[in-house]
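Visitor: got a structure for you, letters missing:
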């Protein structure tokens, strides 16, 4: 999920850290399966108060995740709730730390630590953002996101009707409510008066909000027109006019003061890294990623040489070979078919080589709308609810470009619309990547703490990149080259994002690395530098970091088990743990997986010990 402006940022920060968080609330009571172990029930009960605190300040996120008690509520900009929010989080943090010390069951104690860490991260995010920045709202993106997620076909019709109430409140049509655009303006001005030292938003972010507003507005207009709901027309007409006025206010009031420097204060960037699960100092991350990037360029060149020789290319450089292969463009009306066929091929590979256990049901893939391209200009997975799910599974959404430029020029991607790239992208977003990852969480019934509050980008995206690597050896050569290219892209993120935010490279030079040395399209490279500078700074390095940590855990398991190591068993075990941090996964593998495999394969263990003595 993008890191949008302030109100949407608060919601997005919670949603990106704890998707599905509110489903386990005491009021909806959709807990995991009744046959879950007793300790899971204890842990889930302990999580209820923190769930309520999070939902209290982000009702849109509550609705997104299935908690229908909040379906009529909207993010409250009518008053400053910072101190109230801070106190609630501090109380939760103190409570969970105390309970962790007093808990006898080690599994519940570990979950209490997870809950305490989650409260601490949210508290730190809240206070750091407050200390440095004026609250700048991307209202069009907020409303589009609410409309899109509420009208998702997986949402019951009775709940969708509540969207009309919410739109009336956003527009100020409901009694007791002012237009959210007016409140957004007032919020910024009030904070500016209280503390004139606060930083204005980055100019590139403001320009992007202005550029995308009309596309997003048309997006939710179209969704409402096709919804079949009644009574929304006046509210949406008001919102359309209010958003036009709001864009004019941004242009006149915010844009002239917007800061030219995209770099975040050091404290803020460090907090962003922590939020996304990167527990490494930025310069150490840069060093590791630069070394890995040099190595993968050698691998790319080796595969490119083989492709070039087979196809008779005059230029053997991997950059040229990538450019040639990208010319094999699939027409938009055949793109979905390509990815569906690729998914079937990958599933056959997974079963043939016993990589991981797959479900029998089909995975879902669809193309993004123009508004979705503006909101999230990269292919992505939209997961189902992680707690209280009743058979709603994730969707692989294939983005095809960014919104048009300020001059109206289309900005389509050619990065995913050709045969070779479809292998790794499908493996990452669908199977055995995110679609399978989130489905396993739904089906396994792990504790709320492990399914929800331990979540961060490093553990989720680490599995996605790991999934690409698991499929790569069985792909044709062109697929293997693009698997390496996509991994090089994620490695480059891990040094470009911190270098951008530390002022060690310009946005233009970062974009040049992406287009020249990795072969990304201009549109995708533009989206990337926006990600580093304002959409989601700090998140981009989580792919490489999480992948490295998962490889480390697997390598340790292989060293311990030797010939007893079973890849499918290991991968199934990883998925069964839920969205736990790399540190918790390493502990689970050491304490549960390795002893379990040793107990299941005593004969193999004895043979290994005998062979070791002979030598």
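Guide: Yes, it's here. Being a predicted model, the structure only gives us computed values, none of them experimental.
Visitor: For residue 229, grab phi and psi.
Guide: In terms of degrees, to the nearest 10, the main-chain angles of residue 229 are phi -80, psi 160.
Visitor: got it, and residue 396?
Guide: For residue 396, the backbone dihedrals are phi -80, psi 110 (criterion: degrees, to the nearest 10).
Visitor: Please apply the same query to the one 3 residues further on.
Guide: For residue 399, the backbone dihedrals (degrees, to the nearest 10) come out as phi -70, psi 150.
Visitor: wait, what's in contact with the spatially closest residue to it that is not a sequence neighbour?
Guide: Of all residues not flanking residue 399 in the chain, residue 368 sits nearest, at 4.4 Å (C-beta to C-beta, 6 or more residues apart in numbering). Any C-beta I mention is one placed from the backbone N, CA and C, and that applies to glycine too. Neighbouring residues of residue 368 by C-beta atoms under 8 Å, 6 or more residues apart in numbering: 376, 397-400.
Visitor: for the residues you listed, which one is nearest residue 543?
Guide: Sorting the contacts of residue 368 by how near they are to residue 543, with C-beta to C-beta, puts residue 376 at the top with 15.8 Å.
Visitor: On the pLDDT front, check that closest one for me.
Guide: The pLDDT attached to residue 376 in the predicted structure is 69.
Visitor: circling back: most neighbours among the contacts of residue 368, which one is it?
Guide: Neighbour counts for those peak at residue 398, which has 24 neighbours (criterion: other C-beta atoms under 10 Å).
Visitor: Confirm that residue 186 sits in a helix.
Guide: Yes. Counting by DSSP: H, G, I helix; E, B strand; the rest coil, one finds residue 186 located in a helix.
Visitor: number of nearby residues for it?
Guide: 13.
Visitor: Check which helices and strands the lengthiest helix in the chain is in contact with.
Guide: As assigned by DSSP state H, the longest helix anywhere in the chain is helix 282-311. Packing contacts for helix 282-311, counted by 3 or more C-beta pairs under 8 Å, 6 or more residues apart in numbering; DSSP states H and E, involve helix 266-275, helix 318-325, helix 477-501, helix 542-561.
Visitor: Contacts for the next helix or strand after the longest one next, please.
Guide: Which is helix 477-501. Following the chain from helix 477-501 toward its C-terminal end, the next helix or strand by DSSP states H and E is helix 507-512. Helix 507-512 is contacted from outside by 262, 496, 499-500, 525-526, 528-529, 532-533, using C-beta under 8 Å, 6+ apart.
Visitor: hmm, which two among those residues are most spread apart?
Guide: Farthest apart among the contacts of helix 507-512 - using C-beta to C-beta - are 499 and 526, which lie 17.5 Å from each other.
Visitor: more crowded one of these two?
Guide: Under the criterion of other C-beta under 10 Å, the comparison of residue 499 against residue 526 puts residue 499 first, with 22 against 19.
Visitor: From residue 438, how far off is the residue nearest to that one when sequence neighbours are not counted?
Guide: The shortest distance from residue 499 to any residue that is not its chain neighbour, by C-beta to C-beta, 6+ apart, is 4.3 Å, and that residue is residue 505. Plainly put, residue 505 is 34 Å away from residue 438 if you go by C-beta to C-beta, to the nearest Å.
Visitor: Show me the shaky parts of the stretch 201-350 of the chain.
Guide: Counting by pLDDT under 70, not a single residue of the stretch 201-350 of the chain qualifies.
Visitor: follow-up on the earlier one: my guess is the residue nearest to residue 499 meets residue 498, correct?
Guide: No. Residue 505 is not in contact with residue 498 according to C-beta atoms under 8 Å; the separation is 9.5 Å.
Visitor: These two: which has the busier surroundings?
Guide: Regarding residue 505 and residue 498, a neighbour count based on other C-beta under 10 Å identifies residue 498 as having more, with 27 against 18.
Visitor: Run a quick check on residue 354 versus residue 570, I expect a contact.
Guide: No. Contact criterion C-beta under 8 Å: residue 354 and residue 570 do not qualify, at 11.3 Å.
Visitor: So which of the two has more stuff around it?
Guide: Comparing residue 354 with residue 570 by neighbour count (other C-beta under 10 Å), the higher total belongs to residue 570, at 20 against 12.
Visitor: tell me which element that one falls in.
Guide: helix 567-576.
Visitor: Name the surrounding residues that touch that helix.
Guide: Residues outside helix 567-576 that contact it (C-beta under 8 Å, 6+ apart): 354-357, 432, 436-437, 440-441, 444, 446, 463, 470, 550, 553-554, 557, 585, 588-589, 592-593, 597.
Visitor: repeat that for 10 Å
Guide: 350, 353-357, 432, 436-441, 443-444, 446, 459, 462-463, 466-467, 470, 550, 553-554, 557-558, 561, 566, 580, 585, 588-589, 592-594, 596-597, 600 (C-beta atoms under 10 Å, 6 or more residues apart in numbering).
Visitor: of those, buried ones?
Guide: A residue is treated as buried here by neighbour count (16 or more other C-beta atoms under 10 Å); on that basis the buried members of the contacts of helix 567-576 are 350, 355-357, 432, 436-441, 443-444, 446, 459, 462-463, 466-467, 470, 550, 553-554, 557, 561, 566, 580, 585, 588-589, 593-594, 597.
Visitor: For the chain, which segments count as strands?
Guide: Listed in chain order, the strands found in the chain under DSSP state E are 364-367, 380-382, 395-398, 401-402, 411-412.
Visitor: okay, now the domains of the chain?
Guide: Residue ranges for each domain of the chain read 1-132, 138-261, 282-545, as given by automatic domain parsing.
Visitor: Give me the distance from stretch 559-575 to the chain's centre.
Guide: In this view, stretch 559-575 has its centroid 27 Å away from the chain centroid, taken as C-alpha atoms, centre = their mean, to the nearest Å.
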